[in-house]
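1. when you get a sec, could you give me coordinates for this:
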Amino acid sequence: MAPKAKYTKEEIAEIALGIVAGHGIEALNARSLAEAMGTSTRPIFTAYKNMDELEHSVRQLAMDQFARYTVIEDNGVPAFKQVGVHMLAFAKEQPKLFRLLFMSERVHSLSFRQMFDTILGPSADKCIEYIMRDYSLSKEYAMELFRKVWIFTYGIGILISSNICRFTEQELSDMLTSEFKSTLMMIKSRAEEQGAEPADLPQ
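-> Model (predicted):
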């Protein structure tokens, strides 16, 4: 009977996540992971076919952690703004994981719709629901509002996670509010020009 593995597949992924969170995805390799585990590389490749499979698990753990940041609280702050604030908190507190999820170079570029479906995760679907609910927007208009404000927020996240620029919490709050209001007004104005039904317009 083969001896019981010292680490489970999940435990190996968690240790790998710790390496990435502390030093970036470029620091993760079989040697550095084995050293962190205090073993040879054998347990790694017993649990995983290759490092690509392990990196996929690490990305999923990072996305799960990001999703925990975007939990909506009943604190009087609009739900969609909370998601933006939480995204920027993730960029500040977990910069290496933010860069792993949202700044890693890809072999093939995606449309925003594809990125929404495959990368942004459940938090993005929740954002659309909140926008439709809180501002009486159709799904089409809600998606447009989300796309424009998310790209704006993403840009700030890059500045924060790359340690290029720092902002106070009040500055971030004011920037998100200003961008959201101006985008909402633009969408409402265009929708009115196109003769959208009242139910489709922000209230």
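2. return the set of buried residues in the helix or strand of the chain with the lowest mean pLDDT.
-> The helix or strand of the chain with the poorest confidence is helix 112-115; it has a mean of 78 (mean pLDDT, DSSP states H and E). Residues of helix 112-115 classed as buried by neighbour count (16 or more other CB atoms under 10 Å): Met115. Yep, even glycine has a C-beta here, placed from its N, CA and C like the rest.
3. same check on stretch 182-196?
-> Neighbour count says stretch 182-196 has Thr183, Leu184, Ile187, Lys188, Ala191, Ala196 buried, by 16+ other CB under 10 Å.
4. before we move on, what about stretch 44-56?
-> Buried, per 16+ other CB under 10 Å, within stretch 44-56: Ile44, Ala47, Tyr48, Met51, Leu54, Glu55.
5. which two among those residues are spaced furthest apart?
-> Ala47 and Glu55 (13.3 Å; CB to CB).
6. which stretches of the protein aren't confidently modelled?
-> 1-5, 119-123, 195-203 (pLDDT under 70).
7. circling back to that earlier point, export the buried residues of stretch 182-196 to a markdown table and append columns for secondary structure and distance to Leu61.
-> Shown next, in a markdown table, are those (DSSP: H, G, I helix; E, B strand; the rest coil; distance: CB to CB, whole Å):
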| residue | secondary structure | distance to Leu61 |
| --- | --- | --- |
| Thr183 | helix | 33 |
| Leu184 | helix | 35 |
| Ile187 | helix | 36 |
| Lys188 | helix | 40 |
| Ala191 | helix | 40 |
| Ala196 | coil | 42 |
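8. could I get those residues as a markdown table with distance to Val71?
-> Shown next, in a markdown table, are these (distance: CB to CB, whole Å):
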| residue | distance to Val71 |
| --- | --- |
| Thr183 | 24 |
| Leu184 | 24 |
| Ile187 | 27 |
| Lys188 | 29 |
| Ala191 | 31 |
| Ala196 | 32 |
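9. can you list the domain ranges for the protein.
-> 9-58, 73-200 (automatic domain parsing).
10. so for Asp64, which of the ones you listed sits nearest?
-> domain 73-200 (8.7 Å).
11. next up, phi/psi of Ser111, please.
-> The phi/psi pair for Ser111 (degrees, to the nearest 10) reads phi -70, psi 160.
12. roughly how far does it sit from Gly24?
-> 27 Å (CB to CB, to the nearest Å).
13. neighbour count: the two, which is higher?
-> Using other CB atoms under 10 Å as the criterion, Ser111 and Gly24 rank with Gly24 on top: 14 against 8.
14. skipping adjacent residues, who's closest to the more buried one in space?
-> Excluding the flanking residues, the one nearest Gly24 by CB to CB, 6 or more residues apart in numbering is Lys96, at 4.8 Å.
15. now what about the strand or helix carrying that neighbour, what contacts it?
-> Assessed by DSSP states H and E, Lys96 sits inside helix 95-102. For helix 95-102, contacts defined as CB atoms under 8 Å, 6 or more residues apart in numbering pick out 17, 20-25, 58-59, 62-63, 65-66, 90-91, 119, 154, 157-158, 160-163.
16. then stretch 31-41?
-> So stretch 31-41 is contacted by Lys6, Tyr7, Ile12, Ile15, Ala16, Gly18, Ile19, Ala30, Pro43, Ile44, Leu54 (CB under 8 Å, 6+ apart).
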